[in-house]
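*Asks:* predicted coordinates and the sequence they were generated for:
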Amino acid sequence: MRNLNLLFAFLITLNSFSQNAEVRFLKSCNKPNMPIWDKTMEGVSFSVYPAMPLTVGGIWAYGYFNKDHEMMRNGYKSAIAISFANGLSYGLKAAIKRDRPFVTHPNDITQKTHVGPLSFPSGHTTAAFATATALTLSTKKWQFAVPAYAYAGLVGYSRMRLGVHYPSDVLGGMIIGIGSGLLTWQIDKWIRGSKTP
């Protein structure tokens with residue numbers, strides 16, 4: 001029993017330390033106030049909304065005009081992966097109900113854009129990494145992968161810069177986004193394998 005109490009005490013201490021470290025890191029991203037940079041980061045955040053359909057449409061259109069049925073299929077898979085990632089992200093937000101950092105730490109974190117009340121995971125980051133993963137798996141070229149993931153990383157940073165997400169929200173979004181793309185491509189591989197005589 002004593003060992004169990006020590007374990008719980010250790011876990012509570014570890015959780016408290018990690019939360020404090022997370023808030024300190026977030027505070028360093030969120031401060032100081034730089035209006036031009038903050039507006040730029042707001043633009044980066046919201047660029048995800050047109051980036052998703054443009055990427056999916058671009059992949060499919062490339063396949064269509066080049067009579068490349070594999071690339072057209074990749075366009076469909078991209079739409080599925082991004083939709084699944086976004087659905088999972090919204091479902092987790094509703095289930096976990098984590099408050100935004102500027103609500104929990106109003107003296108440390110400044111809200112710099114308008115958002116809803118729920119924090120985990122970051123939906124923008126989820127969408128950005130799902131899109132980057134779909135593009136990378138579709139093209140299999142580093143020339144697309146490097147800028148796509150750099151952009152997705154900047155989206156994740158922008159959410160912290162704007163004070164609306166914890167680093168763990170961003171990390172959760174990264175995992176969901178990448179995982180959804182990998183899972184979609186793997187399921188497609190299984191489906192194709194099961195159809196082979």
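*Replies:* Cool, the structure landed.

*Asks:* so how far is Val164 from Phe102?
*Replies:* 7 Å (C-beta to C-beta, to the nearest Å). All C-beta spots, glycine's among them, are computed from the backbone N, C-alpha and C.

*Asks:* shared neighbours, these two?
*Replies:* Common contacts of Phe102 and Val164, defined by C-beta atoms under 8 Å, 6 or more residues apart in numbering, comprise Gln111.

*Asks:* which residue packs closest to Cys137, ignoring adjacent ones?
*Replies:* In this structure residue 137 is Leu, not Cys. Distances taken as C-beta to C-beta, 6 or more residues apart in numbering place Trp185 nearest to Leu137, at 5.1 Å, with adjacent residues excluded.

*Asks:* what of Leu118?
*Replies:* Looking at Leu118 with C-beta to C-beta, 6+ apart, the closest residue is Lys93, at 4.2 Å.

*Asks:* likewise for Ser47?
*Replies:* Val155 (7.8 Å).

*Asks:* what of Met160?
*Replies:* Cys29 (4.2 Å).

*Asks:* what's the burial count for the one you found?
*Replies:* 18 (other C-beta atoms under 10 Å).

*Asks:* wait, what's in contact with it?
*Replies:* Applying C-beta under 8 Å, 6+ apart, the residues contacting Cys29 are 157, 160-161.

*Asks:* residue ranges with poor pLDDT in this protein?
*Replies:* Per-residue confidence of the chain (counting by pLDDT under 70) places the weak regions at 1-19, 195-197.

*Asks:* which residue of Phe102 and Val164 possesses the greater neighbour count?
*Replies:* Val164 (24 against 21).

*Asks:* A strand includes that one, no?
*Replies:* No: assigned with DSSP: H, G, I helix; E, B strand; the rest coil, Val164 falls outside any strand and is coil.

*Asks:* torsion angles phi and psi at Ala150?
*Replies:* Ala150 adopts backbone torsions of phi -60, psi -40, taken as degrees, to the nearest 10.

*Asks:* can you pull out the helices in the protein?
*Replies:* All helices of the chain, identified by DSSP state H, fall at 2-30, 35-46, 48-65, 69-96, 101-104, 123-139, 142-161, 167-195.
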